[in-house]
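Chemist: Quick one: sequence plus predicted model below, questions after.
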2 protein chains.
Amino acid sequence: MITALAGGVGAARFLRGLLEVREPGDVTAVVNTGDDVVFHGLHVSPDIDTVVYTLAGAVNPETGWGLAGETWAAMDALERYGGLTWFRLGDRDLATHLYRTHRLGEGATISEVTAELARSWGLGLRVLPMSDARVETRLDVEGEGEIAFQDYFVRHRHAVTVKAVHYAGAAEATPAPGVLDAVANASRVVICPSNPVLSIAPILAVPGIEQAVAARREDVVAVSPIVAGAALKGPADRIMAELGVEATVVGVARLYAPFTGTLVIDVADADLAAAVEAEGVRCVVTPTVMHGLPEAAALAETVVSR
Amino acid sequence: MITALAGGVGAARFLRGLLEVREPGDVTAVVNTGDDVVFHGLHVSPDIDTVVYTLAGAVNPETGWGLAGETWAAMDALERYGGLTWFRLGDRDLATHLYRTHRLGEGATISEVTAELARSWGLGLRVLPMSDARVETRLDVEGEGEIAFQDYFVRHRHAVTVKAVHYAGAAEATPAPGVLDAVANASRVVICPSNPVLSIAPILAVPGIEQAVAARREDVVAVSPIVAGAALKGPADRIMAELGVEATVVGVARLYAPFTGTLVIDVADADLAAAVEAEGVRCVVTPTVMHGLPEAAALAETVVSR
């Protein structure tokens, strides 16, 4: 059994590779919901949807999120009203949010809805939200004060300076059903190549999860999302630096060392392997850039077979 | 100044004719919101949208509601999830509900949102909801008990026997800003050819509106939605009969007599003119079936010039 902590695009690509080398029924993904947002009254779970759409082979291959072949009639029509269209929701993607919102309105939990969505798309792995409670990643940014994740990520296109990040509601949240067991019983706990601050940290901020992962430290393998001092996608490098963490694999090792036994870094960072190990983390050097499914599968095989 | 009480399709067609013969700035429509519904978390106002889309020339001419040239990507995608698709929302129509829901979430009233929608579509008349409070038309139907309006109208296609109708929340509601003034100051108050029980009665159920209309009784002109003993569209005839009201223009006259001075009936019912007048209502006989805009304009001219 493999349990993977996952954010959005990078995690989804890794998981797709993992399902090539392991039975889906042996895989549990615990997904960040800190950037969930209610938009126009609809509950949107960006990371869960990215994971589900990607594993279903339905994701837009150009963006890594949203659906392939999507249409935009609703958003285009919303422009007539001067409505908020900076967070673009495609017509078919809207169906996911309509369904989720309807089910939550009926009293279903995010866990239940997520399982239903995964089943509808024919996925064999288990997809769990980190919590059924609302946890909101919020950022204190220069010149604007505290803003919500999507404000930062989509509206500002993460081009603002972050002074601090916190996970509102995390202290009162509990892990979603199955999360702690999945961590405790896995032969391997994987930390996917996701943003350490904005995707992995919110999961670990739910009381009990970091402790459960740390208890499995010897079997925890993380994949660095930083390659050659830069994030492959998104603002991980910038936000790490802004928060005073070196934006290198060594910085990742330092962040993850309390609960991670092994860090997988890219061959481009081979010269930093010793510095990673100096942080008290075993270091594996392998190609980590997933240009396609073969590279993702090879990376996943390395991660789970170490 | 003309103030018109309006339901959906029939009222919208009449109002389109009215705007051909009167300046839009002189017209106020007070629209039923008793069949508003929250669907998938989105606030849908079917009668307001039908009025707005029709007057904007954007309505689907075949159904009389929804948008012309609509696409259905979201609803088709919702079928994957087994979501509720019996209430079909087109992709561009969804934008209206997204906008309305977003604005309500910001604290705007239905009045404010309705004015914004009408302005966005370039309409010159004033469109008011009957109330900013939630009033829900609910039906006690045989074999099922009490159900919501859209359950009755769309899901059951009004093919169930209605034992009673009530307007939940009406007693605590107040008329939307401008409604009472619009009735008090109009030179003519028009009751559009809408369902007396399901479209007009909810408006009148908001405390103060029926009294305001009754105070203008001499200047109130209603158009019968019943022609030759049948509704032109929808279940008005059936529901009237089920509730013990004769489904004829005489039945309409009886329902409306307390607050209506004049009833306009179709030429097909000319032989019932005397029976209508016996109910204490002046009767005008004229063609009322609006095959197109010219007939609607001629009917409107008759109504406002009497």
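Modeler: Right, received. Where do you want to start? Residues are numbered from 1 along each chain as shown, chains lettered A, B, ... in the order given.

Chemist: was I right about residue A:175 contacting residue A:131?
Modeler: Yes: at 5.9 Å, residue A:175 counts as touching residue A:131 under the criterion of C-beta atoms under 8 Å. Glycine gets a C-beta too; all of them are placed from N, C-alpha and C.

Chemist: anything in contact with each of the two?
Modeler: Common neighbours of residue A:175 and residue A:131, using C-beta atoms under 8 Å, 6 or more residues apart in numbering or on different chains, are residue A:206.

Chemist: Return the distance of the lowest-mean-pLDDT helix or strand in chain A from the chain's centre.
Modeler: Here the helix or strand of chain A ranked lowest by mean pLDDT, DSSP states H and E is helix A:149-150, holding a mean of 90. Distance of helix A:149-150 from its chain centroid, counting by C-alpha atoms, centre = their mean, to the nearest Å, is 14 Å.

Chemist: go on, stretch A:221-238?
Modeler: Taking C-alpha atoms, centre = their mean, one finds the center of stretch A:221-238 at 13 Å from the center of the full chain.

Chemist: Between the two ends of that stretch, how far is it?
Modeler: Stretch A:221-238 stretches 24 Å from its first residue to its last (C-alpha to C-alpha, to the nearest Å).

Chemist: what's the model's confidence in it, averaged?
Modeler: Summarised as a single mean, pLDDT over stretch A:221-238 is 94.

Chemist: Pull the residues that contact stretch A:87-102.
Modeler: A:37, A:39, A:41-45, A:49, A:66-67, A:70-75, A:110, A:113, A:116-117, A:150, A:154-155, B:39-42, B:71, B:73-78, B:80-81, B:83-84, B:91, B:94.

Chemist: List the contacts of the residue of chain A most remote from its centre.
Modeler: Within chain A, the residue lying farthest from the chain centre (C-alpha atoms, centre = their mean) is residue A:80, at 34.0 Å. Residues counted as contacts of residue A:80 (C-beta under 8 Å, 6+ apart) are B:95, B:120-121.

Chemist: Tell me which of those residues fall in helices.
Modeler: When those are checked against helices (DSSP state H), the matches are B:95, B:120.

Chemist: Dump the contacts of residue A:80 into TSV; add neighbour count and pLDDT as well.
Modeler: Listed next are the contacts of residue A:80 as TSV, based on neighbours: other C-beta atoms under 10 Å in any protein chain shown; pLDDT from 0 to 100:
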residue	neighbour count	pLDDT
B:95	25	97
B:120	17	97
B:121	17	97
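
Chemist: ok, now which ones touch residue A:232?
Modeler: Neighbours of residue A:232 in contact, by C-beta under 8 Å, 6+ apart: A:10, A:193, A:225, A:289.

Chemist: picking up where we left off before, wait, does the least confident helix or strand of chain A contact chain B?
Modeler: No: Helix A:149-150 lies out of reach of chain B by C-beta under 8 Å from any C-beta of the partner chain, never closer than 13.9 Å.

Chemist: Please name every helix or strand in contact with that helix.
Modeler: strand A:37-39, strand A:136-141 (3 or more C-beta pairs under 8 Å, 6 or more residues apart in numbering or on different chains; DSSP states H and E).

Chemist: Please indicate which of the contacts of stretch A:87-102 are buried?
Modeler: With burial judged by 16 or more other C-beta atoms under 10 Å in any protein chain shown, the buried subset of the contacts of stretch A:87-102 is A:37, A:39, A:41-45, A:49, A:66-67, A:70-75, A:110, A:113, A:116-117, A:150, B:39-42, B:71, B:73-75, B:77-78, B:80-81, B:83, B:91, B:94.

Chemist: Go through those residues and flag which are in helices.
Modeler: A:49, A:73-75, A:110, A:113, A:116-117, A:150, B:73-75, B:77-78, B:91, B:94.

Chemist: Please identify which pair of those lies farthest apart.
Modeler: Greatest spatial distance in those: A:73 and A:110, 27.8 Å, computed using C-beta to C-beta.

Chemist: Quick check: phi and psi at the closest residue in space to residue A:303 that isn't next to it in sequence.
Modeler: Excluding its sequence neighbours, the residue lying closest to residue A:303 (C-beta to C-beta, 6 or more residues apart in numbering or on different chains) is residue A:221, at 5.1 Å. Phi and psi for residue A:221, reported as degrees, to the nearest 10, are phi -120, psi 120.

Chemist: Report the buried residues of stretch A:299-306.
Modeler: Neighbour-count burial for stretch A:299-306 [16+ other C-beta under 10 Å]: A:299-304.

Chemist: could these be laid out in CSV, adding distance to residue A:22 and pLDDT?
Modeler: CSV is the format used below for those (distance: C-beta to C-beta, whole Å; pLDDT from 0 to 100):
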residue, distance to residue A:22, pLDDT
A:299, 13, 98
A:300, 8, 98
A:301, 9, 98
A:302, 13, 98
A:303, 10, 98
A:304, 6, 96
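
Chemist: And the closest residue to residue A:9 other than its chain neighbours, how far from chain B?
Modeler: Counting by C-beta to C-beta, 6+ apart, residue A:64 is the residue found nearest to residue A:9 once chain neighbours are left out, at 3.8 Å. Distance, residue A:64 to chain B, by C-beta to the nearest C-beta, to the nearest Å: 19 Å.

Chemist: tell me the contacts of residue A:64?
Modeler: Taking C-beta under 8 Å, 6+ apart, one finds A:8-9, A:12-13, A:50, A:54, A:233 in contact with residue A:64.

Chemist: switch the cut-off to 10 Å
Modeler: A:8-10, A:12-13, A:50, A:53-54, A:233-234 (C-beta atoms under 10 Å, 6 or more residues apart in numbering or on different chains).

Chemist: Reformat these as CSV; add distance to residue A:19 and neighbour count.
Modeler: Compiled in CSV, the contacts of residue A:64 are given as follows (distance: C-beta to C-beta, whole Å; neighbours: other C-beta atoms under 10 Å in any protein chain shown):
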residue, distance to residue A:19, neighbour count
A:8, 17, 27
A:9, 16, 23
A:10, 15, 25
A:12, 11, 27
A:13, 11, 28
A:50, 15, 25
A:53, 14, 23
A:54, 10, 22
A:233, 20, 15
A:234, 23, 20
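
Chemist: now, which of the residues you listed lie within helices?
Modeler: A:9-10, A:12-13, A:50, A:53-54.
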